[in-house]
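# sequence-free structure coming up:
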């Protein structure tokens with residue numbers, strides 16, 4: 001009779017295997033948590049009062065989003081809204097100057113983040129998305145001019161944009177800025193509209209590698225168990 005302590009079942013339930021599984025579960029859990037976390041408040045501008053013009057030095061929604069230069073308009077009409085009830089028009093009143101909307105985020109220094117948003121425009125424009133004054137990697141320098149024809153439903157002409165950054169502190173100022181530049185085109189509508197802003201923490205490459213290694217190891221253990229071999233060599 002094989003002693004219980006030396007059986008394959010005991011090996012699979014022993015301290016080494018238990019510690020391995022616990023470590024793998026922790027890595028996978030952290031990775032999933034990183035993908036799911038978000039630090040943007042009121043990303044769809046739904047807490048703002050639709051149909052209002054907001055000037056520099058004021059908040060559009062009580063504190064989450066603040067206008068820091070120029071002025072913006074909280075739009076609530078089809079087809080200027082991508083989803084929900086509101087969007088923000090960065091250039092409708094001041095097309096010839098920079099109009100900036102800011103939110104201060106709580107971030108983890110050294111953590112990578114991806115910012116995602118939807119936008120449309122009705123004239124040539126200059127656009128920027130920055131964090132602490134630095135342009136996000138991969139973010140657009142202008143928003144595609146698809147226009148806002150009234151017969152089109154409110155989401156079909158918006159384009160999905162994104163940008164990446166690595167936080168250098170626990171506080172990050174995320175700023176959307178646009179200049180309508182109506183003189184560059186023939187459209188009389190200088191609108192640059194943004195909606196549905198979100199941000200996700202993304203795992204570092206090392207974390208992904210560790211997770212994949214752990215999953216491969218767990219698969220090897222399962223294969224050994226099926227073949228009746230010891231899970232760990234003595």
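Cool, the structure landed. Here the structure is a predicted model, which is why all the values come from computation and not from measurement.
# for this protein, what spans make up the strands?
52-55, 66-69, 71-75, 87-89, 99-106, 112-121, 126-131, 134-135, 159-166, 171-179, 192-202 (DSSP state E).
# I'd like the average pLDDT over the shortest one.
In this model, strand 134-135 has a mean pLDDT of 98.
# sheet partners, orientation included, of that strand?
Using DSSP bridges, strand 134-135 pairs in its sheet with strand 126-131 (antiparallel).
# buried sites along the partner strand?
Neighbour-count burial for strand 126-131, counted by 16 or more other C-beta atoms under 10 Å, picks out 126-131. Bear in mind the C-beta positions are built from the backbone N, C-alpha and C, glycine included.
# surely residue 41 meets residue 64?
Yes: using C-beta atoms under 8 Å, residue 41 is in contact with residue 64, at 4.0 Å.
# which neighbours do those two share?
Shared contacts of residue 41 and residue 64 (C-beta atoms under 8 Å, 6 or more residues apart in numbering): residue 103.
# just checking, residue 62 touches residue 47?
Yes: counting by C-beta under 8 Å, residue 62 sits close enough to residue 47 to count as a contact (6.6 Å).
# so between the two, which is more surrounded?
A side-by-side neighbour count of residue 62 and residue 47, using other C-beta atoms under 10 Å, places residue 47 first with 15 against 10.
# quick check: the closest residue to that one other than its chain neighbours vs residue 50, distance?
Sequence neighbours aside, residue 61 is the residue nearest to residue 47 in space, at 4.0 Å (criterion: C-beta to C-beta, 6 or more residues apart in numbering). Here the criterion is C-beta to C-beta, to the nearest Å. By it, residue 61 lies 11 Å from residue 50.
# the more surrounded of these two?
The residue with more neighbours, out of residue 61 and residue 50, is residue 61; 19 against 15, by other C-beta under 10 Å.
# quick one: contacts for that one?
Neighbour list for residue 61: 42, 45, 47-48 [criterion: C-beta under 8 Å, 6+ apart].
# what of residue 94?
Shown in contact with residue 94 (C-beta under 8 Å, 6+ apart): 70-71, 180.
# 7 Å instead?
With contact set as C-beta atoms under 7 Å, 6 or more residues apart in numbering, residue 94 has these partners: 70-71.
# before we move on, what about residue 154?
For residue 154, the contacting residues are 78-79, 81-82, by C-beta under 7 Å, 6+ apart.
# check residue 179 too.
Contact partners of residue 179, counting by C-beta under 7 Å, 6+ apart, are 91, 97-98, 125-126.
# just give me the least confident of the residues you listed.
Lowest in pLDDT among those is residue 97, which has 85.
# so that one sits against residue 56, correct?
No: counting by C-beta atoms under 7 Å, residue 97 does not reach residue 56; the two are 10.2 Å apart.
# and the gap between residue 100 and residue 68?
Counting by C-beta to C-beta, the gap from residue 100 to residue 68 is 5 Å.
# closest to residue 190 out of the buried residues of strand 126-131?
Residue 190 has its nearest neighbour among these in residue 126, at 11.2 Å by C-beta to C-beta.
# not counting its neighbours along the chain, what's nearest the closest one?
Among residues not flanking residue 126 along the chain, residue 179 sits closest, at 4.4 Å (C-beta to C-beta, 6+ apart).
# all set now, cheers.
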